[in-house]
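> Return a 3D structure for these sequence lines:
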Amino acid sequence: MTRPTRRRYRLLAPLVYLAALILLLEEWLWDTGTRIGAVIARWPPVRQLDARIRALPPYWALCAFALPAVLLFPVKLLALIAIANGHAVTGVAVIVLAKIGGAAAVTRLYSLTLPSLLTLAWFARWHGAFMAFKDKWIGALKGTLAYQRSSRAALALRDRLRRAFKAFRRRAPGGRHSMRATRILRRFVAMWRARRR
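Residues are numbered from 1 along each chain as shown. Okay, the predicted model is just below:
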């Protein structure tokens, strides 16, 4: 490695680490959003709504796909105003919840509207070009040492958090008994709802 190349690498290294962290966060949000969407989709009214969204014509499907971004923009703006007025914890919590909720909505709407959207020639062309561009750059980023280090650090952090959560549950008052009590309470609520029907 020549001296100018080393210098350029040192200058760009923080940006590559930042891009790696953003990519890891986006992947986590997409996976979390997909799981949340799958859980919500089990609810019968949501299943009916999913069927209606799948049946939308292409331009209506495009409007439905853009809806979460439009609806969440004012929420994020209000969160930024809250942060600016000294309510940092509340503002950050709202942004994080909006990001997770938005990811859940976008992943669900993407899977529901994509077949309809791909019938639009211009959308199919731009979608294909964007996916090829994204795959190329994400592949290049995943090949960097910065991404591999960040990914290992994120996995280690996740494992530590899981172990800490398991240890907390074992030490919590009631431990397994409280989990058993929760299951009994859920069964009671289900039986009570069944009787009311």
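> residue ranges with poor pLDDT in the chain?
1-13, 171-182, 184-185, 188-189, 191-197 (pLDDT under 70).
> Flag every buried residue along whichever helix in the chain runs longest.
Ranked by residue count and defined by DSSP state H, the top helix of the chain is helix 3-40. Residues of helix 3-40 classed as buried: Val16, Tyr17, Ala19, Ala20, Leu21, Leu23, Leu24, Leu29, Gly33, Thr34, Ile36, Gly37 (neighbour count, 16 or more other C-beta atoms under 10 Å). All C-beta spots, glycine's among them, are computed from the backbone N, C-alpha and C.
> what's the closest of these to Ala190?
Closest to Ala190 out of the buried residues of helix 3-40 is Ile36 (22.0 Å), distances taken as C-beta to C-beta.
> so that closest one makes contact with Ala105?
No: Ile36 is beyond contact range of Ala105, at 9.1 Å (criterion: C-beta atoms under 8 Å).
> Just give the nearest non-adjacent residue to the most centrally placed residue in the chain, would you?
In the chain, the residue lying closest to the centroid (C-alpha atoms, centre = their mean) is Leu29, at 2.2 Å. Nearest non-adjacent residue to Leu29, counting by C-beta to C-beta, 6 or more residues apart in numbering: Ala103, 4.1 Å away.
> To which secondary structure element is the one you found assigned?
In this assignment (DSSP states H and E), Ala103 forms part of helix 88-117.
> That'll do, ta.
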